[in-house]
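A.B. asks: Have a look at this fold, sequence not included:
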């Protein structure tokens, strides 16, 4: 365990950040699951609504640095393509 004051503070900060990041990542997983579930049920309106709430959530998490911006862009792109494919079908 850390002994120096600065190391103790760093350990406290790391724990706070870990919990914050864990919460944000879980939120992203949940919104992605909502979109994919709506697509699987072939519910266009529900899928579009879920996508519209998922995009800002994913972008916000990327903006905070929890998720890499390219990973966020990839998730948004793939979800959008799924919803658009449902719309075209």
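C.D. replies: Noted; the coordinates are in hand. Quick caveat, the model's predicted, so the values are computed rather than measured.

A.B. asks: And residue 15, its phi and psi?
C.D. replies: The phi and psi values for residue 15, taken as degrees, to the nearest 10, are phi -70, psi -40.

A.B. asks: Could you measure from it over to residue 2?
C.D. replies: 12 Å (C-beta to C-beta, to the nearest Å). All C-beta spots, glycine's among them, are computed from the backbone N, C-alpha and C.

A.B. asks: element containing the most centrally placed residue in the chain?
C.D. replies: Closest residue to the average C-alpha location of the chain: residue 28 at 2.4 Å, with C-alpha atoms, centre = their mean. For residue 28, the host element (DSSP states H and E) is helix 5-40.

A.B. asks: Who are the packing partners of that helix?
C.D. replies: In terms of contacts (3 or more C-beta pairs under 8 Å, 6 or more residues apart in numbering; DSSP states H and E), helix 5-40 is packed against helix 44-64, helix 69-88.

A.B. asks: would you list those in CSV and tack on mean pLDDT and mean neighbour count?
C.D. replies: Putting the helices and strands packed on helix 5-40 into CSV (pLDDT from 0 to 100; neighbours: other C-beta atoms under 10 Å) gives the following:
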stretch, mean pLDDT, mean neighbour count
helix 44-64, 97, 16
helix 69-88, 96, 14
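
A.B. asks: Output those as JSON lines; include the columns distance to residue 19.
C.D. replies: Formatted as JSON lines, these follow (distance: least, C-beta to C-beta, whole Å):
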{"stretch": "helix 44-64", "distance to residue 19": "14"}
{"stretch": "helix 69-88", "distance to residue 19": "20"}
